[in-house]
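Trainee: no sequence for this one, just the structure:
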């Protein structure tokens, strides 16, 4: 679903709810062929798929305010879309180190031609969905990624590089509970990884059930922060750069996780915003802004460890507010779905 701000450009206030007739008829998956009432059946399939996805994987909103609830539902479907694409992209990127030597992927689609539920990562007016930020992150030249086989509980962590020369990467793994306490889980992971050109290296192989059970940690209260850093050169460049990437793994769907209030704080500093988590792990941190301006942040849809802060710059593409939009920027995380 596009954001509330995009819906407001095309749909009257009284119709801004997840399953209103107008919203549903703009859902053309499966293809509807028009906007008449005969298309309610097809539209209900697409709406149902988004609803089931949100209910299965995330805490679903149940807010008393109509617009707040609609906005939260729209945003949750965007998180699912981004999460799904991210899982696929990092899975295929791991293939660079496997016999298939998978060396590329593309996804559909980039941008919208109207305000409606679509596969796009950019909304009709240019506003970025969660997907576009996450795609930017997971296509980073060097990434760290987990892979969990839910049938066997086999658990792996990989460092994957798209650079054209070998690199030596430093790795850090930290387990938390959702309130921010560090968990004493020893995973026997390699602290450094040598990664070949256009390749990947597995730094951990374990059984997730055993890993958590040995320390008597419940799977709904454990979350893993993974980070990697290295130096290297991009293709056709002699300039040495630093590459870093952070990723997160949660054993259970976030719909069953013991999410805690991360105590997010937001402040502005010159030409950027600074977000800080104070009381817990913040999942899917999202900087939002009102209508009247279209911009992109340097980063969005990210996670924060307790005590961690991130400075986020921005680029304004159009502004009819005379710069006043900066006073209306807000921040939320997935925990806010649990607040009525």
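Mentor: Noted; the coordinates are in hand. Bear in mind that the values here come from a model prediction, so they are computed numbers and not experimental data.

Trainee: all helices of this structure, in order?
Mentor: 4-7, 21-25, 40-57, 66-94, 130-138, 208-213 (DSSP state H).

Trainee: quick one: which of these is nearest residue 282?
Mentor: Nearest to residue 282 among the helices of the chain is helix 66-94 (13.2 Å), distances taken as Cβ to Cβ. All C-beta atoms are positioned from the backbone trio N, CA, C, and that covers glycine.

Trainee: Give me the neighbour count for residue 270.
Mentor: 7 (other Cβ atoms under 10 Å).

Trainee: whoops, residue 335 was the one
Mentor: Neighbour tally, residue 335, other Cβ under 10 Å: 22.

Trainee: Thought residue 262 was touching it, still the case?
Mentor: Yes. If you go by Cβ atoms under 8 Å, residue 335 and residue 262 touch, sitting 6.0 Å apart.

Trainee: Overlap of the contact sets of those two?
Mentor: Listed as contacting both residue 335 and residue 262 by Cβ atoms under 8 Å, 6 or more residues apart in numbering are 280, 282, 283.

Trainee: Dump the residues you listed to JSON lines, plus neighbour count and distance to residue 28.
Mentor: Converted to JSON lines, the shared contacts of residue 335 and residue 262 look like this (neighbours: other Cβ atoms under 10 Å; distance: Cβ to Cβ, whole Å):
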{"residue": "280", "neighbour count": "25", "distance to residue 28": "39"}
{"residue": "282", "neighbour count": "31", "distance to residue 28": "35"}
{"residue": "283", "neighbour count": "23", "distance to residue 28": "31"}
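
Trainee: In strands only, show me those.
Mentor: 282, 283 (DSSP state E).

Trainee: and which of the shared contacts of residue 335 and residue 262 is nearest to residue 54?
Mentor: residue 283 (14.5 Å).

Trainee: measure the closest residue to residue 246 other than its chain neighbours to residue 196 for me?
Mentor: Spatial nearest neighbour of residue 246, excluding adjacent residues (Cβ to Cβ, 6 or more residues apart in numbering): residue 227 at 4.6 Å. For residue 227, the distance to residue 196 equals 21 Å [Cβ to Cβ, to the nearest Å].

Trainee: rewinding a little: from the shared contacts of residue 335 and residue 262, which single one is nearest residue 42?
Mentor: Nearest member of the shared contacts of residue 335 and residue 262 to residue 42, counting by Cβ to Cβ, is residue 283, at 33.1 Å.

Trainee: Now that closest one: closest residue in space that isn't a chain neighbour?
Mentor: In space, residue 283 is closest to residue 334, 4.5 Å off (Cβ to Cβ, 6+ apart).

Trainee: Check residue 64 too.
Mentor: Closest to residue 64 by Cβ to Cβ, 6+ apart is residue 340, at 5.8 Å.

Trainee: check contacts around residue 317.
Mentor: The neighbourhood of residue 317, defined by Cβ under 8 Å, 6+ apart, consists of 126, 294, 295, 296.

Trainee: ok, it to residue 127 distance?
Mentor: 9 Å.

Trainee: same deal with residue 117?
Mentor: Taken as Cβ to Cβ, the span from residue 117 to residue 127 is 15 Å.

Trainee: Go ahead and name everything in contact with the helix or strand bottoming out on mean pLDDT in the chain.
Mentor: Every helix and strand in the chain was compared by mean pLDDT, DSSP states H and E; the lowest is helix 208-213, with a mean of 88. Residues from elsewhere that reach helix 208-213 (Cβ under 8 Å, 6+ apart): 148, 153, 154, 155, 185, 187, 218, 219, 222, 251.

Trainee: Just the pLDDT at the residue nearest to residue 266 when sequence neighbours are not counted, thanks.
Mentor: Once flanking residues are discounted, residue 266 sits nearest to residue 331: 4.4 Å by Cβ to Cβ, 6+ apart. For residue 331, the pLDDT comes out at 98.

Trainee: For residue 331, give me its contacts.
Mentor: Contacts of residue 331 (Cβ under 8 Å, 6+ apart): 264, 266, 273, 275, 285, 286, 287, 288.

Trainee: coming back round to it: the residue nearest to residue 246: what's it in contact with?
Mentor: 144, 171, 172, 244, 245, 246, 247.

Trainee: Buried ones among these?
Mentor: 144, 171, 245, 246, 247 (16 or more other Cβ atoms under 10 Å).

Trainee: mind putting the residues you listed in TSV, pLDDT included?
Mentor: Listed next are the buried ones among the contacts of residue 227 as TSV, based on pLDDT from 0 to 100:
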residue	pLDDT
144	98
171	97
245	98
246	98
247	98
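
Trainee: Assess the claim that residue 261 and residue 337 are in contact.
Mentor: No. With contact defined as Cβ under 8 Å, residue 261 does not count as touching residue 337 (12.0 Å).

Trainee: So which of those two has more stuff around it?
Mentor: Set residue 261 next to residue 337 and count neighbours by other Cβ under 10 Å: residue 337 wins out with 23 against 17.

Trainee: coming back round to it: from what I see, the residue nearest to residue 64 and residue 63 are in contact.
Mentor: Yes. At 5.7 Å, residue 340 and residue 63 qualify as touching, with contact defined as Cβ under 8 Å.
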